[in-house]
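Participant: coords below, sequence missing:
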């Protein structure tokens, strides 16, 4: 255990010591994120690589058994480290001179194919009901999907200060503990070095960030974790082989899955960036950058602990793990308002999958949220309120303008259609008139969603208006 601790501490210290030098170098070569003022250096990849390599080299020099352990597994882990070096180089190039998504993906796929040819491959899936021999026909595409998918999952998660690095730390810790418990010391040493390097980088990346992982750091971390997980899976045909990595990487995998699902059902390009990732949604929910990082850390730690339940699998343990995972995913989905999942569930009941309808109804759900905050996607929103006892002589009208209701009468133009939503208050009645010009693209609204979401949301927005003076002169 002393070797693991030494590797971890040296990697953390080495990464932290290299950060000032790498920061200066990033400013010289232009590896900067210019969306911040002042620009933030993207040096995560080189920092993590240097910290990890130095810690393993020092361990091999000082502890002979550790050196033999690393050399003895060079044939199996060597290709994974070689592929990680290529991914690191690609990421550094992208951090200095941004590359298009398609060429980067193509190179990642080629690296994954090379890994398969060198022996880093998924050949058997160990499931509760038995092992499935994939062969080359399925083994190659699944290996590519795993390596490239996890690589980009951590990269997609890297959209807020400290989020991806912190999540990767807990994932590395889970793989480390699993490897040690199952007797895979070489994998344990590599993941200890990676976890230490990530911990040494986190003080510079925690909000407000002084350095970013960048493409180099996020993709290096994701690829190395995915590759050592494949190597660990070849050590035994048990449920651990597939369950531990999937659960340990649950946060980035969940975020990537939802991202792809969201873009697919809305008919958007899969590689088109957006601001609807988990961390973006948490920020929109009112959390500060540090609170967002804290929530991601808590979720990553919880999934890392859940992954450990599979190390000694029993029926009750597996059932508990799946119950915790399923419940967590459901709660997160509900809290983050993942409308695409609601739409898929609703249309699944009808036995139909219509991407355009899903996209429109997702926008409708979002429109209801924006209307609740006082904004509108309609051309005009008019509120008419009057005492319940007399609607004619004392009715008053407000129009939504620039996010606020201003009192004025407004008649529907001839080129507008109108939907009237009645609502009621304490001693008063009202109507909301939603107007939209003719000739604009049809809204194709689902009437159920219109009644269930838009009308109540508009009513809540209108209820914020002081109607105490309704009926007074």
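Facilitator: Right, received. Where do you want to start? No experiment lies behind these values; they were computed from the predicted model shown.
Participant: the strands in the stretch 1-150 of the chain, which residues?
Facilitator: Assigned by DSSP state E, counting those that start in this stretch, the strands in the stretch 1-150 of the chain fall at 32-33, 40-41, 124-127, 130-133.
Participant: Direction included, what does the second one pair up with?
Facilitator: Strand pairing for strand 40-41, determined by DSSP bridges: strand 32-33 (antiparallel).
Participant: mean confidence score for the partner strand?
Facilitator: Strand 32-33 carries an average pLDDT of 90.
Participant: ditto for stretch 289-306
Facilitator: Stretch 289-306 comes out at a mean pLDDT of 87.
Participant: Could you pull out the buried residues of it?
Facilitator: Neighbour-count burial for stretch 289-306 flags 289, 292-297, 299-306 (criterion: 16 or more other Cβ atoms under 10 Å). (C-beta placed from N, C-alpha, C; glycine too.)
Participant: same check, this time on stretch 255-265
Facilitator: For stretch 255-265, by 16+ other Cβ under 10 Å, it's 255, 256, 258, 259, 262, 263, 265.
Participant: go on, stretch 89-101?
Facilitator: Neighbour count says stretch 89-101 has 90, 91, 92, 93, 94, 95, 96, 99 buried, by 16+ other Cβ under 10 Å.
Participant: In contact with the residue lying closest to the fifth one once chain neighbours are set aside, which residues?
Facilitator: Taking Cβ to Cβ, 6 or more residues apart in numbering as the measure, residue 94 lies nearest to residue 215, with 4.2 Å between them; neighbours along the chain are not counted. Going by Cβ atoms under 8 Å, 6 or more residues apart in numbering, residue 215 touches 42, 45, 90, 91, 94, 95, 104, 155.
Participant: For those residues, which two are the farthest from each other?
Facilitator: 42 and 104 (14.8 Å; Cβ to Cβ).
Participant: and the two? which has more neighbours close in?
Facilitator: Using other Cβ atoms under 10 Å, the more surrounded residue of residue 42 and residue 104 is residue 42, with 27 against 22.
Participant: Which residues are in contact with the residue nearest to the more buried one when sequence neighbours are not counted?
Facilitator: Once flanking residues are discounted, residue 42 sits nearest to residue 214: 2.9 Å by Cβ to Cβ, 6+ apart. Residues in contact with residue 214 (Cβ under 8 Å, 6+ apart) are 31, 33, 42, 43, 44, 45, 91, 94, 95, 158.
Participant: And the helices in the stretch 101-250 of the chain, which stretches?
Facilitator: 101-117, 135-157, 163-181, 185-205, 214-233, 240-248, 250-265 (DSSP state H, counting those that start in this stretch).
Participant: distance of residue 26 from residue 208?
Facilitator: Separation of residue 26 from residue 208 (Cβ to Cβ, to the nearest Å): 17 Å.
Participant: More neighbours: which of the two?
Facilitator: residue 26 (24 against 11).
Participant: from memory that one sits against residue 39, does it?
Facilitator: No - counting by Cβ atoms under 8 Å, residue 26 stays clear of residue 39, with 9.1 Å between them.
Participant: shared neighbours of the two, anything?
Facilitator: By Cβ under 8 Å, 6+ apart, the residues touching both residue 26 and residue 39 are residue 32.
Participant: Ends of stretch 387-397, what's the gap?
Facilitator: 13 Å (Cα to Cα, to the nearest Å).
Participant: Give me the mean pLDDT for that stretch.
Facilitator: The model assigns stretch 387-397 a mean pLDDT of 70.
Participant: and stretch 408-422, which residues are buried?
Facilitator: The neighbour-count criterion (16+ other Cβ under 10 Å) identifies 410, 416, 421 as the buried residues of stretch 408-422.
Participant: quick one: contacts for the closest residue in space to residue 115 that isn't next to it in sequence?
Facilitator: Closest residue to residue 115 apart from its sequence neighbours, by Cβ to Cβ, 6+ apart: residue 83 at 4.9 Å. With contact set as Cβ under 8 Å, 6+ apart, residue 83 has these partners: 111, 112, 114, 115, 120, 147, 223, 227.
Participant: mind redoing it with 10 Å?
Facilitator: By Cβ atoms under 10 Å, 6 or more residues apart in numbering, the residues touching residue 83 are 108, 111-112, 114-115, 118, 120, 147, 151, 223-224, 226-227.
Participant: separation between it and residue 40?
Facilitator: 28 Å.
Participant: distance of the spatially most central residue of the chain from residue 197?
Facilitator: In the chain, the residue lying closest to the centroid (Cα atoms, centre = their mean) is residue 255, at 3.0 Å. In this view, residue 255 and residue 197 are 22 Å apart by Cβ to Cβ.
Participant: With residue 73 instead?
Facilitator: 20 Å.
Participant: Likewise for residue 42?
Facilitator: With Cβ to Cβ as the criterion, residue 42 and residue 197 are 16 Å apart.
Participant: From what I see, residue 246 and residue 303 are in contact.
Facilitator: Yes - proximity of residue 246 to residue 303 meets the contact threshold set by Cβ atoms under 10 Å, at 9.5 Å.
Participant: need the contacts of residue 215 in a markdown table with distance to residue 400 and pLDDT, can you?
Facilitator: Below are these laid out as a markdown table (distance: Cβ to Cβ, whole Å; pLDDT from 0 to 100):
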| residue | distance to residue 400 | pLDDT |
| --- | --- | --- |
| 42 | 43 | 93 |
| 45 | 49 | 92 |
| 90 | 50 | 96 |
| 91 | 47 | 95 |
| 94 | 45 | 94 |
| 95 | 45 | 93 |
| 104 | 44 | 94 |
| 155 | 41 | 91 |
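Participant: Kindly reformat those as JSON lines containing distance to residue 176.
Facilitator: Listed next are the contacts of residue 215 as JSON lines, based on distance: Cβ to Cβ, whole Å:
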{"residue": "42", "distance to residue 176": "26"}
{"residue": "45", "distance to residue 176": "20"}
{"residue": "90", "distance to residue 176": "26"}
{"residue": "91", "distance to residue 176": "23"}
{"residue": "94", "distance to residue 176": "28"}
{"residue": "95", "distance to residue 176": "27"}
{"residue": "104", "distance to residue 176": "29"}
{"residue": "155", "distance to residue 176": "22"}
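Participant: Out of those residues, which comes closest to residue 175?
Facilitator: residue 155 (18.4 Å).
Participant: tally of neighbours for the closest one?
Facilitator: 27.
Participant: doesn't residue 213 make contact with it?
Facilitator: Yes - Residue 155 lies in contact with residue 213 (Cβ under 10 Å); the separation is 8.6 Å.
Participant: which residues do those two both contact?
Facilitator: 91, 164, 219, 220, 221.
Participant: For the first one, which residues are in contact?
Facilitator: Contact partners of residue 91, counting by Cβ under 10 Å, 6+ apart, are 42, 44-46, 99, 104, 151, 155, 213-221, 223.
Participant: Need the nearest residue in space to it, chain neighbours excluded.
Facilitator: residue 216 (3.1 Å).
Participant: separation between that neighbour and residue 209?
Facilitator: Note on residue 216: its distance to residue 209, by Cβ to Cβ, is 15 Å.
Participant: higher neighbour count, these two?
Facilitator: Higher neighbour count among residue 216 and residue 209: residue 216, with 29 against 20, using other Cβ under 10 Å.
Participant: Right, I'll leave it there.
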